[in-house]
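A.B. asks: have a look at this prediction, sequence included:
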Amino acid sequence: MKPTIPKGTRDYSPQEVHRQNFIFDTIKKVFEKYGYQPIETPVMENLDTLLGKYGDEGDKLLFKVLNNGDFLSKADTDALDRRDSNGLVNSISKRGLRYDLTVPFARYVVMHQHEIQFPFKRYQIQPVWRADRPQKGRYQEFYQCDADAIGSESLMYEAEYVLMIDEVFTRLGLEVEIKINNRKILAGIAETVGIPDKMVAMTVAVDKLDKVGWDGVANELIASEVTQDQIDSLKKMYGSRQLEELKHLIGTSAIGVEGVNEITEVLVYLSNLSLTQQLTFDPTLARGLSYYTGCIFEVKSKEVQIGSMLGGGRYANLTEVFGLPGVSGVGISFGVARIFDVMQELNRFPEDIDQPIKVLLVALDETCHKWSFNLLHELHTNEIPAHLYPEPAKLKKQMKYADSSDTPYVIMIGSEEMSQERYLLKHMADGDQWQLSLAEIIEKLKPN
RNA sequence: GUGGUUGUAGCUCAGUCGGUUAGAGCACUAGAUUGUGGUUCUAGGGGUCGCGGGUUCGAAUCCCGUCUUCCACCCCA
C-alpha cells in the first residue's frame, strides 16, 4: 500500500521538532515567569462538553469519535433511514476531539474547583483538532499554547497578556501587530446604530472592512436586512478609530461605554511600560469564539500574509454551563503551526537548535570498533552527544554519513590511534584536524 | 460546507495533436580513490503517470467519480 497521512495533518522531522520545541520553550518560559501552572487534559472530551460552545460553525468542525462495539445496533434507525447525519450523531458518537483548550479548561476548573485557589492561572500546550478545509497555515491538527487566568474580573490580566504576547513574539524575533477590542464596544455600536439584534451579523461584516471596504460591508449588511440609514450611521461610528471619539459617539449605550472604559483601563495599566511590538485598538476586530464577552485579542504578522497567530479574550461565564456560575476568566492562545510557518518562511530560527549529534566516531577495523565503543561511552558520560558508526565500513562511507547528517566533528580511530591512545579529531566545516587524547577531546567538545 | 486548482522517479519539474520502450536536473548506489566528506568524471538502480471506472485499435494526455494539495469564500490559531 501507499502510505499517506490524513488531510490537514503533517509529519515533523527532527529539524522541525527541534524548531517547534524552540517555540514551545520560548512560550513556556514566559508563561512560567508570569506564574502560570501547567495542566493537561484528554484529547477526547464528551461531545456534550464541546457542543454548543463555539457557535454553529464550530459544532460543524468538531471531530466526532465513533462509539466502540456494535454501535449500529443502538443507532437511531429513523435518522439512519432518513440519511440524517446530524440526527444520527447522538446515537453513534458520544465523544469528540477537543476543538480548543479553553472549553476543556472550563470543564477542568468546574471538576477540580475544590482543589483550586482562585484566581487560578494555568497554561496548557497540547494539540487540538478542527475538521476545517485545509489551506496554507490552516491545519486539521495543530498545537495551541494557552494561558488563562480564571476567578477574577481584574483587567490587570488583560494588560498582563499584552505584556506576555509582546515578550513572546519579541523573543521569537517576529514583528507583529497586537490588536485589542472589546465585545461590549461592539454591542454598544450595534445598540447605538439601532441593530442590537443584528450584532453578530454586524461584527462579522465589519471584521472584513479592511479586506472588502465599505461597499462590501454594506452589501453583506443589506443582505442581513440592515437599512441604508443604519449602515450610514455605522460608517460614521467607524469614521475614526480613536478611543476618545468612539466614547463620545457611543455615549448613549451603557454597555458601549463600559467597553470603552475597560479598554482604557487596560491601557492605563500599560501606560508606564514600553512595548516592543505595536499595540492597536481596533474596533473592527470581531474575532473570537462565541463565548467571549469582554476584551478580545488577536495577533497578526506584519511580515507574512497568514491568518492570526494568536487569539484570545475574556469569557465572563464559560463555567456556568458546567454548573459553576459567576466565575470570569480571560486567556490567550498561541497558534504554533502558524508561528512555525512564519518563522520558517522568514528563516528566523536560530542555527544552534538543529544540532543534536556533536561528533561521529569512525572506526577503521573490527578491533578499533570494539575499542571505540568504550570511547563512545566516555563521551556520553561527559554529556557529549555522540554516535559511533555501527560497523567499520569504508572510511569514505562513514565520512559521507557525517557530512550529510551535518555532524560537526568526526573522531577517527585506527590501529595507530588505538595503540597511542591519541585520536584524530576533525572539524568538518573547515577541515582542521588534531591528534588528541580522549581527555583533550572531551575538553574541547564538552558543552559549556 | 461552496467554488476553483493541483497530482508524472526520493525531491523539483518536462512530456507536442491521444501513438512505439515516459524523460531531465538534483538525490541515491558502485567505481575512479585500500586512512579523509564536500568538487569532478564514469557506470548503475529506481515509475501501479494519485486512485477507481469509462471512451478509444491505442490514454500520463480525453470524460466521470474519488482522494490529496493549494487558492478564494465561510470560519478560525
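C.D. replies: Here it is on my side, so go on.

A.B. asks: quick one: name the residues of the stretch 101-250 of chain A near RNA strand B.
C.D. replies: Along the stretch 101-250 of chain A, the residues adjacent to RNA strand B under the rule C-beta under 7 Å from any atom of the strand are A:130, A:132-140, A:142, A:144, A:204, A:208, A:211, A:220. The C-beta positions use only the backbone N, C-alpha and C, and glycine is treated the same way.

A.B. asks: would you list the buried entries among those residues?
C.D. replies: Among these, those buried by neighbour count (16 or more other C-beta atoms under 10 Å) are A:130, A:137, A:138, A:139, A:140, A:142, A:144, A:220.

A.B. asks: JSON lines for these, including pLDDT, secondary structure and distance to residue A:104?
C.D. replies: Compiled in JSON lines, these are given as follows (pLDDT from 0 to 100; DSSP: H, G, I helix; E, B strand; the rest coil; distance: C-beta to C-beta, whole Å):
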{"residue": "A:130", "pLDDT": "94", "secondary structure": "coil", "distance to residue A:104": "14"}
{"residue": "A:137", "pLDDT": "87", "secondary structure": "coil", "distance to residue A:104": "24"}
{"residue": "A:138", "pLDDT": "91", "secondary structure": "strand", "distance to residue A:104": "21"}
{"residue": "A:139", "pLDDT": "92", "secondary structure": "coil", "distance to residue A:104": "19"}
{"residue": "A:140", "pLDDT": "94", "secondary structure": "coil", "distance to residue A:104": "18"}
{"residue": "A:142", "pLDDT": "94", "secondary structure": "strand", "distance to residue A:104": "16"}
{"residue": "A:144", "pLDDT": "96", "secondary structure": "strand", "distance to residue A:104": "11"}
{"residue": "A:220", "pLDDT": "88", "secondary structure": "helix", "distance to residue A:104": "33"}
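
A.B. asks: okay, now the domains of chain A?
C.D. replies: Chain A is divided into the following domains under automatic domain parsing: A:14-42+A:99-346, A:356-445.

A.B. asks: the residue most central in space within chain A - nearest residue in space that isn't next to it in sequence?
C.D. replies: Geometric centre of chain A, nearest residue: residue A:335, 2.4 Å, by C-alpha atoms, centre = their mean. With C-beta to C-beta, 6 or more residues apart in numbering as the criterion, residue A:335 has its nearest non-adjacent residue at 5.5 Å, and that residue is residue A:309.

A.B. asks: could you tell me the phi and psi values at that neighbour?
C.D. replies: Residue A:309 adopts backbone torsions of phi -100, psi -10, taken as degrees, to the nearest 10.

A.B. asks: in this structure it contacts residue A:301, no?
C.D. replies: Yes: between residue A:309 and residue A:301 a contact is recorded at 6.2 Å, counting by C-beta atoms under 8 Å.

A.B. asks: and the two? Which one has more around it.
C.D. replies: Neighbour tally, residue A:309 and residue A:301, criterion other C-beta atoms under 10 Å: the higher count belongs to residue A:309, 27 against 23.

A.B. asks: count of residues packed around residue A:263?
C.D. replies: 23.

A.B. asks: next: the one 10 residues further on.
C.D. replies: Residue A:273 has 10 neighbours, counted by other C-beta under 10 Å.

A.B. asks: SS state for it?
C.D. replies: Assigned with DSSP: H, G, I helix; E, B strand; the rest coil, residue A:273 falls in the coil class.

A.B. asks: against residue A:163, how distant is it?
C.D. replies: Distance from residue A:273 to residue A:163, counting by C-beta to C-beta, to the nearest Å: 7 Å.

A.B. asks: ok, residue A:398 next?
C.D. replies: The span separating residue A:398 from residue A:163 equals 51 Å under the rule C-beta to C-beta.

A.B. asks: and the two? which has more neighbours close in?
C.D. replies: residue A:398 (22 against 15).

A.B. asks: thought the more buried one was touching residue A:389?
C.D. replies: Yes: contact criterion C-beta under 8 Å: residue A:398 and residue A:389 qualify, at 4.7 Å.
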